[in-house]
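Engineer: Quick one, fold the following:
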Amino acid sequence: MNSDVECFLQCLKLQVAATTFSRKQLQLRAFERYFASRNKLPAETTKLDIESYLISLRTTTLYRRQVCCCIREFYEYLKTPDNPASKIVFKKDASRKLPRVPSLSFIEAILSKYCNIDKETSFRDRLILELAYGSGLRRAELVKLDIEDINLEEKTLFIHGKGGNKRIVPITAKALESMREYLSIRQAYNGALLVSARGKRLGSSGVYYILREKAGIRPHLLRHACASHMLKNGCSIRVIQQLLGHKKLCATQIYTQIQKADLREVINKKHPGNNNNHLKLQ
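Structural biologist: Numbering: from 1, shown residues only. I've put the predicted structure just below:
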């Protein structure tokens, strides 16, 4: 294995979230294997070589862009004078769409499945839904939660966020109710908040299974729904940025685009100016 790649990955592991590291590690390993099969070290590749590699990937433009970004970071780490990945330009991906945000009624219907079910796992599953939607938590943030991170008096959670960033977020009244019910059954006072039936900390794949397979919704859509519904109710984009733990405002501004898209759809459907059957004077 190339020592430059190993050194870069060791450095990267200390800077980013575990999920981000896993993705970039896979991308860089695949990049390295591709050129090893051609008897070429990563440090010897040119811009044309990298372009050929990216074209060979049978995937979306968005993923190719992610891979290129990872490769560029690698060469920046090596302090390569003429970074071969820095001048690669991507055409705008017209197929890329804004995420479809679940409606409030859809979220309420999912939550209603877990009402009046007196089982520890059902209380846990409802709590996961309430925290993912109510506080906009990522899947990786949910699994890291400890009971000690909960402040019931202040109604807040201490979040171990992406890239080692930490923040405090409020707990909604419904999430607080679900948390009290869940903890009263568990009778635990420290350690992992969300545990499996065997009492071990619930993993990322476990949370995915609960939300995607049992509840019928992808985890990140709950985060999207949280931000979008708050924005619809007049919440400041800056407040949403802090809640979600986005470093840059541009990451949060996608939700304003969703709102614009929603508004455009309403106008196209409801505005009389878009109706062929114009109103007639009586």
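Engineer: Every contact and neighbour count from this point should use C-alpha atoms.
Structural biologist: Fine.
Engineer: Strands of the stretch 151-282 of the chain, residue ranges please.
Structural biologist: 156-160, 166-170 (DSSP state E, counting those that start in this stretch).
Engineer: And those: which comes nearest residue 189?
Structural biologist: Of all those, strand 156-160 sits nearest to residue 189, with 15.2 Å by CA to CA.
Engineer: quick one: residue 48 and residue 40, what's the gap?
Structural biologist: Distance, residue 48 to residue 40, by CA to CA, to the nearest Å: 14 Å.
Engineer: again, but for residue 242
Structural biologist: For residue 242, the distance to residue 40 equals 45 Å [CA to CA].
Engineer: Then residue 83?
Structural biologist: Distance from residue 83 to residue 40, by CA to CA: 17 Å.
Engineer: Equivalent analysis for residue 214, please.
Structural biologist: 47 Å.
Engineer: for stretch 242-252, what is the average pLDDT?
Structural biologist: For stretch 242-252, the mean pLDDT works out to 80.
Engineer: So for that stretch, what gets flagged as buried?
Structural biologist: 242, 243, 244, 245, 246, 252 (16 or more other CA atoms under 10 Å).
Engineer: Output the below-cut-off pLDDT ranges for this structure.
Structural biologist: Scanning the chain for pLDDT under 70 picks out 1-2, 92-99, 116, 255, 257-282.
Engineer: In terms of helices and strands, where is the nearest residue to residue 161 once chain neighbours are set aside?
Structural biologist: Closest residue to residue 161 apart from its sequence neighbours, by CA to CA, 6 or more residues apart in numbering: residue 141 at 6.0 Å. Here residue 141 sits within helix 139-144, counting by DSSP states H and E.
Engineer: Quick one: list the elements packing against that helix.
Structural biologist: With contacts taken as 3 or more CA pairs under 8 Å, 6 or more residues apart in numbering; DSSP states H and E, helix 139-144 sits against helix 120-134, strand 156-160, helix 204-208.
Engineer: Which residue ranges of the stretch 101-250 of the chain form helices?
Structural biologist: Using DSSP state H, counting those that start in this stretch, the helices of the stretch 101-250 of the chain run over 104-112, 120-134, 139-144, 173-186, 204-208, 219-232, 237-244, 249-252.
Engineer: coming back round to it: can you give the contact residues for the helix holding residue 141?
Structural biologist: 19, 128, 131-132, 159-162, 192-194, 201-204, 207-208, 219-220 (CA atoms under 8 Å, 6 or more residues apart in numbering).
Engineer: Serialize the buried residues of stretch 242-252 to JSON lines and add fields for distance to residue 117.
Structural biologist: Shown next, in JSON lines, are the buried residues of stretch 242-252 (distance: CA to CA, whole Å):
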{"residue": "242", "distance to residue 117": "34"}
{"residue": "243", "distance to residue 117": "30"}
{"residue": "244", "distance to residue 117": "30"}
{"residue": "245", "distance to residue 117": "33"}
{"residue": "246", "distance to residue 117": "35"}
{"residue": "252", "distance to residue 117": "36"}
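Engineer: Out of those, which is nearest to residue 67?
Structural biologist: residue 246 (21.4 Å).
Engineer: if we can go back for a sec, next, the buried residues of the helix holding residue 141.
Structural biologist: Using 16+ other CA under 10 Å as the test for burial, helix 139-144 gives 139, 140, 141, 142, 143, 144.
Engineer: and if you look at stretch 157-175?
Structural biologist: 157, 158, 159, 160, 161, 162, 168, 169, 170, 171, 172, 175.
Engineer: For residue 194, grab the count of nearby residues.
Structural biologist: Neighbour count for residue 194, taken as other CA atoms under 10 Å: 25.
Engineer: Then residue 184?
Structural biologist: Neighbours of residue 184 (other CA under 10 Å): 12.
Engineer: how about it, what does it touch?
Structural biologist: Contacts of residue 184 by CA under 8 Å, 6+ apart: none found.
Engineer: one more time with 10 Å
Structural biologist: Counting by CA atoms under 10 Å, 6 or more residues apart in numbering, residue 184 makes contact with 120, 178.
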